[in-house]
Structures are given as structure tokens and as C-alpha cells.
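In: What follows is a predicted protein model with its sequence.
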Amino acid sequence: MAVTITVDQVTPDLTRLRFLFVNLYFFGSPGSWVLIDAGLQGSAGTIVDTARDRFGEGPRPQAIILTHGHFDHVDAFPELFEHWDVPVYAHRLELPHLTGQADYPPPDPTVGEGAIALMSFAFPHKAIDLGARVRPLPDDGSVPHMPGWRWLHTPGHTAGHVSLFRDEDRCLIAGDAFVTTKQESLYAVVTQEPEVNGPPAYFTPDWANARRSVERLAALRPAIAATGHGPPMRGQELNDGLENLVREFDRIAVPDRGRYVRGSAPSS
């Protein structure tokens, strides 16, 4: 698969970088900004260049916020630390996977149809160790260096998955709680036609919690959704898609078969 790089504005203060098949986000202004998720191995240079284009020479992020720690959201570490020695924040339940203590459940390539799902057997699921840089998100729901935003615990795809929401404009950074492409399908990943889908099935071990998380996010009636995979979606198209996902979750999101369909996976 050729490396695809896309940079676009979600809101005036939120920029999306798509590197190959995953998104990460830059929030803020030149004086104070954060990185949300950290992308794939090999993307650190592109991340730094995009930050320079957005914020100018020199400024580093105040922090890096992780929606979760799957490989496609963290594998630019440790190279990123060579450029920016900054704190990393994640949910407490995600910390064992970010401090080398517990691997994620392995991916399940038997779910659904699609080349990405079939290739997922090779996707890394081992814990990484970010050392003392990683810390828990504040218990009060605030997001460090993101005034006006709050984090929501949206487990299912991982136990410590979080989404970020800004009430002022109802902007949602959903991570992989739901996505806007059918991530299991190579065709859908290449074409990037916007479509609300459940979390990537090959890496989702807890479908009961995944459903509850989608219901919680849909109830927010977001005006904009920026997800870990797929293009940003807005307005009625987004809300119709979320309502349909809630109503038809078993049909749209839950695989017909698979290692995790009838229960949660062990933590390691």
C-alpha cells in the first residue's frame, strides 16, 4: 500500500493528518498546542513537518494525548521523543499497555470481509514502554492543555479508550470508538467514502462496552466527528449515521464470527 498523506482542517484550531490508514490530530495555536495520538512507525518526520507548517519553527507540543495505545496510534514513539520530550496522557486503564506491563489481546483476522482484516494477524499487539513520560488523564474529566474539552471513557475497542468532546461547538474526537470508514476493507480505506461504522473489528475485544460507548457518543449529538480512521463527518449525515449505527449495531459493527464476538478477551 502506497503511503498516503493528507492534511486538512477539521475546525480552525483542529488539524487532521492522515498517514496511510490512520489519523492523528493537532489542536491549538502556535503558542500552545497538543498532539492527539501518535501514528504509525515511520510517521514521526511527517508529524514534525506538519506541526512546523501549522505552528511554525521551534514550538513543541505541550503534551500528547492518546485516545488509546494500539500500534497505529503510538508507533511513532520513541522517535517522536527525539524531537519533543513532552508528557503523554492516557486513561488509567490504558497505562499497563503503555508502560510495558500488559500486551493487548491479539488481533482477530477472521472477522468479516476485507483485506485489512485479513492482514491484521501481522499487526503488533505488544505493550510499549513510554516510561515516566506517560501519566493518567485527570480524574475531573479535563484534558491537559485543551481548555473547553473533556474526556469521556469510551471502552470496548480497548479498556481505557477515551474520546474528547468540546461542548461549545459539539466537536468530537472519537478515536476508534467508532470510525468513518469500513476499516476492515482495503477498498473502503483507499476510497475514503464517509460512512459511520463501528470500531475496527479485528482489534475490538469487548462488543458490549463498544455498543455502550457508541450510544454515549451518539447521545451527545456531535456536530463534527474526527475519528481515528476515515474522513471527518459533520451535521445531519453524521447524526443519521450514528443513529443508524446505534439502531443496527449488531448488523453493522459486530462480526458474524470471531474470537471476541461472544465475550470479552483477557487483558493479555
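Out: That came through, no problem. Numbers count the residues shown, from 1 in each chain.
In: How many residues are close by Ala76?
Out: 26 (other CB atoms under 10 Å). (Glycine included, C-beta is placed from N, CA and C.)
In: again with Ala177
Out: Count around Ala177 with other CB under 10 Å applied: 31.
In: Now do the contacts for it.
Out: Ala177 is in contact with Thr67, Thr154, Gly156, His157, His161, Ser163, Pro199, Ala210, Ser213, Val214, Leu217, counting by CB atoms under 8 Å, 6 or more residues apart in numbering.
In: confidence score at the first one?
Out: Here, the pLDDT recorded for Thr67 equals 98.
In: ditto for the fourth one
Out: Looking at His157, its pLDDT reads 98.
In: list the contacts for it?
Out: His68, His70, Gly175, Asp176, Ala177, Pro199, Pro200, Phe203, Thr204, Asp206, Ala210, Ser213.
In: Run through this protein and note the low-pLDDT ranges.
Out: 1-2, 263-268 (pLDDT under 70).
In: Run through the strands of the stretch 1-150 of the chain in chain order.
Out: 5-11, 14-19, 22-29, 32-36, 63-65, 88-90, 134-136, 149-153 (DSSP state E, counting those that start in this stretch).
In: same thing with the stretch 151-268 of the chain?
Out: Going by DSSP E, counting those that start in this stretch, the stretch 151-268 of the chain shows strands at 162-166, 171-175, 224-227, 233-234.
In: Hmm, Phe26 is touching Gln9, no?
Out: No: if you go by CB atoms under 8 Å, Phe26 and Gln9 don't touch, sitting 10.1 Å apart.
In: Look at these two and report which has more neighbours.
Out: Phe26 (22 against 11).
In: Specify the beta-bridge partners of the more buried one.
Out: Thr15, Leu35 (DSSP bridges).
In: Which residues are in contact with it?
Out: For Phe26, the contact set (CB under 8 Å, 6+ apart) comprises Leu14, Thr15, Leu17, Trp33, Val34, Leu35, Ile36, Thr50, Ala51, Arg54, Phe55.
In: mind redoing it with 10 Å?
Out: Neighbouring residues of Phe26 by CB atoms under 10 Å, 6 or more residues apart in numbering: 7, 10, 13-17, 33-36, 47, 50-51, 53-55, 61.
In: With Ala90 instead?
Out: 64-69, 73-74, 97-99, 130, 134-137, 151, 158, 160-162.
In: are any of those residues buried, and which?
Out: 64-69, 73-74, 97-99, 130, 134-135, 137, 151, 158, 160-162 (16 or more other CB atoms under 10 Å).
In: Quick check: neighbours shared by Phe26 and Gln9?
Out: Thr15, Arg16, Arg54.
In: how much space is there between the residue nearest to His157 when sequence neighbours are not counted and Arg216?
Out: Excluding the flanking residues, the one nearest His157 by CB to CB, 6 or more residues apart in numbering is Pro199, at 4.0 Å. For Pro199, the distance to Arg216 equals 13 Å [CB to CB, to the nearest Å].
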